[in-house]
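Undergrad: task: produce atomic coordinates for the following.
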Amino acid sequence: MQKHDRPTVADLLSFKGKRQLTMLRVTSLEEAEAAERAGIDMLSVPPALLGPSFREAAPSPFAIPGLEYGDYVSAEEYMREAFKALKAGGDAVYCAASVAIIRRMRDEGIPVCSHVGLIPSRATWTGGFRAVGKTSISAFEIWRQTKALEEAGAFAVEIEVVPGDVAAAISQRTSMLMISMGAGTGCDAQYLFADDVLGSNRGHRPRHAKVYRDFAAEFDRLQNERVAAFAEFAGDVRSGVYPEKGHQVAIDRQEFEAFLHILAEQTL
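TA: Below is the predicted model of the structure:
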């Protein structure tokens, strides 16, 4: 695998307050390659996607594999998986576990991106899948959590579905990179899922998502074409149109006659 320059944690933090970074959640090598060619700064990826093929497809973006909450329990389990992800080509890890676990990981030099606001794995505590931080008390709680993560050593935090004014005020008061997912323009990066950007998500579409293409319609068209092609193949087989002579392997006539002779002797 070739060596390529890509941003470090220090590089990303140096951009804070200077320019908005871009981040996408990708789940395939094709999406990773497209993000590379489009100049996307950061990628959220499933750990299983990492490896030499991923870095060949996307050598430049800063990659943050997610350590899904609940898949691991102890700090040791989180650290073991984090080191695996970093060795496989990740640059940091996403972790929404406790500040104690994040502190342990940071003590071992593992760059951690955590989460505040609407955290899907903890949504029951904040009223479900809805905006968080719309009151002074809940907004202050987001600030408190942000400072706790900063003190624990996280270098970045995804802030999800929080009022833009609240997110901007918090971003201005922390040294961490604040990654906005539906939290306005006052943060340091804007984060969307590739499924939403491409319009391939057939389920709920969050308010903050912006659709740039209609892949769902294209997938429907391709599926209809797939069904039609399969039906035509079945029809050709049933009618004898397929296979034609050009689809078959020929044998020299003399060799075939010799084969029939041997076959006749063996089957007497």
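Undergrad: and stretch 244-262, what's buried?
TA: Residues of stretch 244-262 classed as buried by neighbour count (16 or more other C-beta atoms under 10 Å): none. C-beta coordinates here come from the backbone N, C-alpha and C atoms, glycine included.
Undergrad: then that stretch to CSV, C-alphas only?
TA: The C-alpha atoms that make up stretch 244-262 are tabulated as CSV, following Å, rounded to 0.1, in the frame of the first residue of the first chain:
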residue,chain,number,x,y,z
GLU,A,244,-26.8,-20.3,-29.4
LYS,A,245,-23.8,-21.9,-31.2
GLY,A,246,-21.6,-19.0,-30.3
HIS,A,247,-22.2,-19.6,-26.6
GLN,A,248,-20.9,-23.2,-26.7
VAL,A,249,-17.5,-24.9,-27.0
ALA,A,250,-16.8,-26.8,-30.2
ILE,A,251,-14.9,-30.1,-30.7
ASP,A,252,-13.1,-31.3,-33.8
ARG,A,253,-15.3,-33.7,-35.7
GLN,A,254,-12.7,-36.4,-35.7
GLU,A,255,-12.1,-36.1,-32.0
PHE,A,256,-15.8,-36.3,-31.4
GLU,A,257,-16.1,-39.5,-33.5
ALA,A,258,-13.2,-41.0,-31.6
PHE,A,259,-14.9,-40.1,-28.3
LEU,A,260,-18.1,-41.8,-29.4
HIS,A,261,-16.2,-44.9,-30.4
ILE,A,262,-14.5,-45.1,-26.9
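Undergrad: quick one: it to chain centroid distance?
TA: The gap between where stretch 244-262 is centred and where its chain is centred comes out at 53 Å by C-alpha atoms, centre = their mean, to the nearest Å.
Undergrad: for stretch 26-37, same thing?
TA: 9 Å.
Undergrad: can you tell me the average pLDDT over that stretch?
TA: Average pLDDT, stretch 26-37: 97.
Undergrad: all further residue positions should be reported with the first residue as 58.
TA: Done: numbering now begins at 58, and the last item shifts to stretch 83-94.
Undergrad: what does it contact?
TA: For stretch 83-94, contacts defined as C-beta atoms under 8 Å, 6 or more residues apart in numbering pick out 81, 100-103, 106, 110-111, 114-118, 251-252.
Undergrad: show me which of those are buried.
TA: Buried among the contacts of stretch 83-94 (16+ other C-beta under 10 Å): 81, 100-102, 106, 111, 114-118, 251-252.
Undergrad: mind listing which of the residues you listed are in helices?
TA: Among the buried ones among the contacts of stretch 83-94, DSSP state H puts 111, 114, 251-252 in helices.
Undergrad: any chance of those in a markdown table, with pLDDT and distance to residue 226 too?
TA: Below are those laid out as a markdown table (pLDDT from 0 to 100; distance: C-beta to C-beta, whole Å):
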| residue | pLDDT | distance to residue 226 |
| --- | --- | --- |
| 111 | 97 | 36 |
| 114 | 97 | 38 |
| 251 | 94 | 30 |
| 252 | 93 | 30 |
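Undergrad: looking at those residues, spot the one nearest residue 307.
TA: residue 114 (41.8 Å; C-beta to C-beta).
Undergrad: from residue 188, how far off is that closest one?
TA: Distance of residue 114 to residue 188, given as C-beta to C-beta, to the nearest Å: 35 Å.
Undergrad: burial check on the closest residue to residue 77 other than its chain neighbours, number of neighbours?
TA: Distance criterion C-beta to C-beta, 6 or more residues apart in numbering; nearest residue to residue 77, sequence neighbours excluded, is residue 247 at 6.0 Å. Residues near residue 247, counting by other C-beta atoms under 10 Å, number 20.
Undergrad: rounded mean pLDDT for the helix or strand residue 247 falls within, please.
TA: Using DSSP states H and E, residue 247 falls within strand 246-250. Computed over strand 246-250, the mean pLDDT rounds to 95.
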